[in-house]
Structure formats: structure tokens, C-alpha cells
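> I need the structure of the sequence given here:
(chains A and B)
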Amino acid sequence: MREQSEIKDSIQNRDRIHVVMFFLSLMFMVLGGFILAWIIKIQTTYTVDSSVIGLFRPVEQKHVDHPVRGRILATDGRPMAISAPLYDLYMDCTVRKKDYQEEGKDSLERAWRNKARELGRYLSAEFKDRSADEYANMILSGRQKGSRYLRLQRNLDLSTIQRVRTFPLFKEGPYTGGIIVEEHEERIYPYDSLARRVIGYVKEQNRIGLESSFDTELHGTEGYEWRRVTDNKRWIRDLDSAAVKVKDGNDIRTTLNVDFQDIADKALRAQINANEDIRAGICIIMEAKTGAIRAMVNLSRGATPQTTLWERENLALREVGEQGSVMKTVTLLSVVEDGYVRSLEQTIPTNNGLVPKYNQDVHILDYQRETGRRAISVMHGFEISSNYVFAYLAETYYGKQPQELFDHIYSYRLGEAFDFDITGLGKPVVNRPGTPGWSGTTLGTTAYGYGISVTPLHIATFYNGIANKGRMMKPYLVESIEKDGKVLKQFVPSALNESICSAATADTVTRALRAVVNSGTATRLKGAKLPVCGKTGTARVVLNPEERGGSRDPYLDAYGRKKNQGTFVGFFPADDPKYTILVTVYSYLSSKSFYGGTMPALAVREIVDKIYALDSDWRPELHRVASVPQMKD
Amino acid sequence: MSVKTILHAIRNTFRAIRSGELLLRIRADKYYMHIMYLFLLMWMTILLSLQVDKTLARVGDNKAALERLRIHHAEKEAALVKLHSASAAEIRLRELGSEAALPNEPASVIKSK
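Below is the predicted model:
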């Protein structure tokens, strides 16, 4: 009986366990079924409410990496333009103000204000532009007025901003200290105004110089990556999302020589500053064999003489104007190359300085009076820059076929705006036969420099062709495009015209240019440390109707004043030219005259003397004449 | 395999689940090591993922440090280059009361032979 009772108990006990297990299993199965049904619902019909959708998404941000703009380097690698961020410092003066206004927190507000006074002392010591009290008052009155964006300083460098972050209050961060730092990428030009017009800039719509022409190379390409927050609240790159690597801009190595640019800038400044009537001045130094531009200075004063000299406009490229007597070399080169003048000593009759239809040349009357001669050599006519001699040569040799002279002018590339590294090279104006500007005297005036308008760069390029024995090189400013010192693209010198004249003609004209310096209009260059040859030019500038003020003469205003430009262009050393140089000064409206043989020649002399002292090509060699006995061990 | 057999298998499975004997019936103890290995893999995945996060955070810090160094370098370079021109040197020398100026003659070169 007892056994039967025990068996019965055991069966009842097991049934109870089964029942419990059954209900437990059933519960899990129902739960599982519910989860399964819920999953199916979410996957098929469920839509998330838009107000809470953000909570379901992983926290991610698209971070755009801006490329570092490439550097512009001088020919020796010295940077002329580099990029670095600058920082503006602001302050949210109202930070924690509301919290501290609650009852029982007066002491915190008082502590904040004391720290603000302490901060004022630090800011005053750092920037020295306001007293400590002024800074403190600014901050505290900003707190009073509720200023959330008080500007404290602008354009600070990284070292300064790092120091500022350690100042009292600011070191407590933006949420207690109220510090706001805004970063903006800036272009730094270490040499200030030096070659600024050539280097240029890119500011929204204003784009000039190399910065503009080579913007695609310098700029680089933006990159981006998606970032997510880690469990420690750190932003890290999301490796599961797409990313594009930022590509920094390439560097541009120019042909500019900082020392030459500095020397030319200083020499030109000295000349312009010495005379209030001078509005602007330019200088171009070009390497004869390659056409590489080693210096290009463009200084101008602005509307009034009181304004500071600065690189305001690229006159060397854009100022299209009549260049005056420097164009006589064009005529001389043409008549010698065509064989019309076989020797510079060849003479022409003086005719009292009169060529029919042209103004009388008083230089010839002086010449006749001083020498008693009735004939003048082409060489002497060139030395004294006689308009008569060149009008006579043009009318005599090209009078029947003026196009012949103009063909030469075009072959010297003086009739077109050739391709150049900086955009905006002025287009010359040539009054050739058949054009509206052509008249009975255009041939002669062109021969002495008034019928044709070109830029200073055109003139320098032409003279460089003579220095280079007839091979006219294309001027250029960029040597190579580089990345981290590795050359990606090399620009090689090229010729605009392989031969504008024979070497013999170039030598003949060089002799004439040398005579101009030795005994002509540029004798101020006679004692230069390297022999210079070149030509002076003085031209009156055509006035616009406003400047003329009713005057009928296009070169004079109502008070008889005029605008002059004086030029010296040549090359040195005369016997083996290495550099071509051009200096032009432009005057305001003035009753004075400015000649190419004065200020420009003086500037050229200073430049030549200093280049002589710096350039390694002219270093004298000292040879060892004695030997030092060797030490014995 | 007939429908009847399938239904029978389902019923058996259901009964096994209900009585808590499923793992025993399918001899899951044979796969104990595999199950443990799976857990180990999952644990390692989580651990490595945390390590990757940590490394990426460090990469971000280093990138920022490198960027700061680049900016420092650019600023110092600009400051030094500013001093590295003949005019700047002349001005500085004048300020210091020196009479030294740019040379008038080029430097001589000594040739040994």
C-alpha cells in the first residue's frame, strides 16, 4: 500500500513539473511568436514617426576636408605666398549668466566676474592695444548687455591662440569661459608688397596674377569623410561609409629672383619718392637666353601723390601706350636687316631737320650749328635720338612699301598679345596701312615711336631678342609645378621668333645701343659696374577727354600740362648680355618733362651695380700662389 | 519523404520543446565546443571593434597634431623668410647700429688649382 502511495505521489510530482515546464515553454513560444510577428510587421508595414526617426539613425556627420593651397615659390625655392589659418577671437559674455542668477549662486557670479578682470589683465599684456581695465570693462559690460559675440581680436596666429586658450576663464572652455575661436584660411605673403601684382590674389570675384592663372593647380581638391560618435563621445571616421581623400594644391615655382625683385623695387621706389610728379614706375628684368622674368616691379601711387607707393596695377602687362624713342631701335633693326643701311656710319642729309609733312627736329638744327655739317650719320642720329633721322629713314626706304616695315613690326611680335603666364597682357594698337588710324605721317611717326602702342613687356621682349642675337624668347614666369619638392611639370624656355634678324644685324644694333650709353642720351649709365647698352625713350601720353578739359591737343590739358613717360630699356653686360632690363616711369599731369635718360637710367644703374655685386657670374677668381706645408704625423 | 513523416517530426519537435528536451534529443552537447567558439568569436568581434574605435580616435588626434605642426611650420617659415631679404637685413642692421651694408663688389672665389 505504502509503495503504491509513494508511486502515486511520484507520478503526481512529475506531472506537476511537466505542467510547469509546459507553461514555461508555452510562454517562451508565445513570446517568440510575438517577436517573430513583430519583426515581420516592422519589415513589411511599420513606418517610423518622422519626429523620432533621428533617434533610430546612427549619429553621423559629413566632414569636409579643405585642401591646403599650394605655395608660390621664387626661383631659389623661397616661398612668396603660403597658406596658413588665422584665428578670430570672440567671447560669449553671457555664458552661465542665467545659471548664476538663481538664488544662492551669487558667489559663482562674483567669481566669474573676478576671473573676467583677471582675463582682461592677460589680454592687455598679450595684445598691448588696450589697458587691462578697458578689456575687463568690455567683457563685463558685454555681460550686462547680453553680448554673445564680443569681438576681441582678429587674425591671430596659432601660437597666440594657443596661449590665449590658457588665460584665466578661457581655459575653462566655451561653456564656462565663453571663448569662441573662428578659424579662416589666409594667404601669407612674407615679402609684403614685393611682386604682389605678379603673385596676385584670389578673393571671390577678384582674381589676378599667378594666383588666378594657376588657381586650378594651387587649389587642390576637397575631400570628405563620414564621422560617427564612439561610446566615449569621440568623433571618429566611419569606416563603413564612403570617403574621398583630400588632395592639397601643387606648388608653383616661378622664375622670380627675390634679391633682384628687392633691388629693383628699392631702386624704383627711391626714384619715384624723390619726385612728387611721378605717378608710377615699372621695372622688368628678363634673362636674355631664356626669357625668364627675374623681376617685375609695378609701383604706383594712386590718385594723388600723397598716397603710398604700392603694387596696385600690373602696368608692365596692361599699360598699352606709345613708347616714344625706344621704338627707334625697331626702325634701325629693320633698315639694317633689310640692307638699306649697311653701316651705322652711313650719312643722310640734315635738311635743317625737316622731312616734308613732319614737324621740324630742333636737335638737327643744334647739330648743324655745333658741327657745321649738313649730313648726319645714322649712328649719331640714334645717339641723340633724332626724330628727323628716323622719319627720313622710314620715308626714304619704306615710303613706297610701308607694309614692309609693318611686316617687321609684326615679326617682332609688337602687333599682338602673345600668350603669357598671367592673363591680361595688353593688345598692341598698330596703325598700319589700310586701318582707320593710318595717315600721311603715320609711317614716320611709327618710325620714331608714336604711331604704335604696345606694353612695356612687348618692348622688353623685343630688346631681349637683340640681346639674344636675334632669337626672340617668349617671356615666362613659371618654371615648374611641384608637389612636395618633386617636379610634376617643367616649363622650358621657348622662342616667339627663332630669328628676328641675323646675328650680324643684332651686333650692329648692339653697337648703336652701346653708343647711346657712351655718348648719347643715357650717359648716366656710362660708369655702371657692368657695361650696359640700351635706348632711352620719352613719350607724351594721350590724355582722356576729362583730363584734356577742352584742350584740342590730345597730349595737353587746358593749362598746358602733359603726362610723360620716360623709359630706359637695354641689356647688360653689353659684350655678353645676361639680362635685359626695362624701367619706365609715368608722371601725373605736370608742366615738367621727364626723360628716359634721367630717373629710369639712374634706377637701372643702381640695379645693375647691385646685381653685379650679388650675381655669382661676375665673381673674381683668386688662384692659389703658395702651398701650405703638410703636417707630419 | 511523406507529409505524414514531416508532420510527425514537427509534432515530436514541438513536444520536445514543450518538455525541455530538445537540446538533449538533438545531441547538442556534441556541439558544445562550437557554441563556445561562436561566443568567443562574438566577444572578440566586440573587443576588436572597440580597439578600432580607440585607434581611429588616436589617428584623429595625431592628424590634428600634424595639422597644428604644419600651421606652426608655415607661420615660422613666413616669419623667417620675411627676414631673409636684403632690404630686411639692411633695416635690421641699421636698427642695431651696424654700418654693414650690401657689398659693392662680388665676393671673390678661391680656386685651389
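> going forward, measure contacts between C-alpha atoms and count neighbours the same way
Will do.
> Tell me the confidence at B:S112?
The confidence metric pLDDT takes the value 69 at B:S112.
> Tell me, how many residues neighbour the residue of the stretch 501-633 of chain A found nearest chain B?
Per Cα to the nearest Cα, A:A613 is where the stretch 501-633 of chain A lies closest to chain B, at 4.0 Å. Look at A:A613: counted by other Cα atoms under 10 Å in any protein chain shown, it has 18 neighbours.
> That one sits in which helix or strand?
Assigned by DSSP states H and E, A:A613 falls within helix A:599-614.
> After that helix, which helix or strand is next?
strand A:621-623.
> Need the residue closest to the centroid of chain A.
In chain A, the centroid-proximal residue (Cα atoms, centre = their mean) is A:I199; its distance is 1.2 Å.
> Which strand runs longest in chain A?
If you go by DSSP state E, chain A has its longest strand at strand A:79-91.
> For chain B, see how far away A:I422 is.
Distance from A:I422 to chain B, counting by Cα to the nearest Cα, to the nearest Å: 25 Å.
> and A:I179, how far is that from chain B?
A:I179 sits 19 Å away from chain B, going by Cα to the nearest Cα.
> before we move on, the earlier item: what's the offset of the helix or strand just after the longest strand of chain A from the middle of its chain?
Scanning forward in sequence from strand A:79-91 by DSSP H and E, the next helix or strand is helix A:97-101. Helix A:97-101 has its C-alpha centroid displaced from the chain centroid by 52 Å (Cα atoms, centre = their mean, to the nearest Å).
> need the next SSE after helix A:97-101, C-terminal direction.
Following helix A:97-101 in sequence order, the next helix or strand is helix A:106-127 (DSSP H and E).
> who does that following helix touch, helix- and strand-wise?
With contacts defined as 3 or more Cα pairs under 8 Å, 6 or more residues apart in numbering or on different chains; DSSP states H and E, the packing partners of helix A:106-127 are helix A:97-101, helix A:132-145.
> Send me the longest one as PDB with only the CA atoms.
What that stands for is helix A:132-145. C-alpha atoms of helix A:132-145 as PDB (Å, rounded to 0.1, in the frame of the first residue of the first chain):
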ATOM      1  CA  ALA A 132      43.500  95.700 -18.500                       C
ATOM      2  CA  ASP A 133      40.600  97.800 -17.300                       C
ATOM      3  CA  GLU A 134      39.400  98.500 -20.800                       C
ATOM      4  CA  TYR A 135      39.400  94.800 -21.600                       C
ATOM      5  CA  ALA A 136      37.600  94.000 -18.300                       C
ATOM      6  CA  ASN A 137      35.000  96.700 -18.800                       C
ATOM      7  CA  MET A 138      34.400  95.400 -22.400                       C
ATOM      8  CA  ILE A 139      33.700  91.900 -21.100                       C
ATOM      9  CA  LEU A 140      31.600  93.000 -18.100                       C
ATOM     10  CA  SER A 141      29.600  95.500 -19.900                       C
ATOM     11  CA  GLY A 142      29.100  92.800 -22.600                       C
ATOM     12  CA  ARG A 143      27.700  90.500 -19.900                       C
ATOM     13  CA  GLN A 144      25.500  93.300 -18.700                       C
ATOM     14  CA  LYS A 145      24.100  94.000 -22.200                       C
END
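> Switch the helices and strands packed on helix A:106-127 over to a markdown table; also include distance to B:R18.
Output for those, formatted as a markdown table (distance: least, Cα to Cα, whole Å):
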| stretch | distance to B:R18 |
| --- | --- |
| helix A:97-101 | 61 |
| helix A:132-145 | 72 |
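> what's the most buried one of the ones you listed?
When these are scored by mean count of other Cα atoms under 10 Å in any protein chain shown, the highest mean neighbour count falls to helix A:132-145 (a mean of 18).
> what does chain B put close to chain A?
B:17-20, B:53, B:56-57, B:60, B:68, B:71-72, B:74-75, B:78-79, B:81-82, B:85-87, B:103-113 (Cα under 8 Å from any Cα of the partner chain).
> can you give me the angle the longest helix seen in chain B makes with strand A:79-91?
Ranked by number of residues, the top helix in chain B under DSSP state H is helix B:32-83. Here the directions of helix B:32-83 and strand A:79-91 differ by 110 degrees (axes from the mean of the first three to the mean of the last three Cα atoms, to 10 degrees).
> Tell me the helices and strands packed up against helix B:32-83.
Under the contact definition 3+ Cα pairs under 8 Å, 6+ apart, helix B:32-83 sits against strand A:79-91, helix A:158-164, strand A:235-237.
> export these to JSON lines and tack on mean neighbour count and distance to chain B?
Listed next are these as JSON lines, based on neighbours: other Cα atoms under 10 Å in any protein chain shown; distance: least, Cα to the nearest Cα, whole Å:
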{"stretch": "strand A:79-91", "mean neighbour count": "21", "distance to chain B": "6"}
{"stretch": "helix A:158-164", "mean neighbour count": "14", "distance to chain B": "7"}
{"stretch": "strand A:235-237", "mean neighbour count": "22", "distance to chain B": "6"}
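> Turn those into CSV, columns for mean pLDDT.
Output for the helices and strands packed on helix B:32-83, formatted as CSV (pLDDT from 0 to 100):
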stretch, mean pLDDT
strand A:79-91, 94
helix A:158-164, 93
strand A:235-237, 91
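> Of all the ones you listed, which one is nearest A:L55?
Minimum separation from A:L55 across the helices and strands packed on helix B:32-83 (Cα to Cα) falls at strand A:235-237, 17.7 Å.
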